[in-house]
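Student: okay, here's the prediction I keep looking at, along with the sequence it came from:
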Amino acid sequence: MIVSPATTDKGKEVYVNVLLDQREVRLKVWVARAGHIKLYLLDSDLVDNVAEDRRITFQLYGGDKQTRIRQEIVLGIGGFAYQ
């Protein structure tokens, strides 16, 4: 499986922003290719984000209730933003 940054038609890396706890969380979009299937991944571990937000995508479905809610918001809104 090959994982690489998702890019626009012009080769620019793709990022989406999600409003979370009254601040913007920046997410990098990655694409994993397995045969003809593409799986899009969101990564919050970026220097633009505060430490708390960088941990959102460290482990899916891990952590406490607050972390799970943040993950669901990021995946729901961030996934919708990248269409």
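Tutor: Sure, I can see it.

Student: what residues of stretch 38-52 count as buried?
Tutor: Within stretch 38-52, the residues that count as buried by 16 or more other C-beta atoms under 10 Å are Leu41, Leu42, Asp43, Ser44, Asn49. C-beta here means a position set from N, CA and C on the backbone, and glycine is covered the same way.

Student: now do the contacts for the second one.
Tutor: Right, the one you point to is Leu42. The contact partners of Leu42, taken as C-beta atoms under 8 Å, 6 or more residues apart in numbering, are Val16, Leu27, Lys28, Val29, Trp30, Thr57, Val74, Leu75, Gly78, Gly79, Tyr82.

Student: who touches the lengthiest helix in the chain?
Tutor: Ordering each helix of the chain by length in residues (DSSP state H) puts helix 65-73 first. Residues outside helix 65-73 that contact it (C-beta under 8 Å, 6+ apart): Val18, Leu20, Asp21, Asp53, Arg55, Ile56, Thr57, Leu60, Tyr61, Gly63.

Student: okay, and which of those residues map to helices?
Tutor: Going by DSSP H, the helices hold Asp53 from the contacts of helix 65-73.

Student: just the buried ones from the contacts of helix 65-73?
Tutor: Val18, Leu20, Asp53, Arg55, Ile56, Thr57.

Student: these: which two are farthest apart?
Tutor: Val18 and Arg55 (14.7 Å; C-beta to C-beta).

Student: ok, back up a step: output the buried residues of stretch 38-52 as JSON lines; include the columns distance to Thr67, secondary structure and pLDDT.
Tutor: Formatted as JSON lines, the buried residues of stretch 38-52 follow (distance: C-beta to C-beta, whole Å; DSSP: H, G, I helix; E, B strand; the rest coil; pLDDT from 0 to 100):
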{"residue": "Leu41", "distance to Thr67": "17", "secondary structure": "strand", "pLDDT": "92"}
{"residue": "Leu42", "distance to Thr67": "15", "secondary structure": "strand", "pLDDT": "92"}
{"residue": "Asp43", "distance to Thr67": "16", "secondary structure": "strand", "pLDDT": "95"}
{"residue": "Ser44", "distance to Thr67": "11", "secondary structure": "coil", "pLDDT": "95"}
{"residue": "Asn49", "distance to Thr67": "14", "secondary structure": "coil", "pLDDT": "96"}
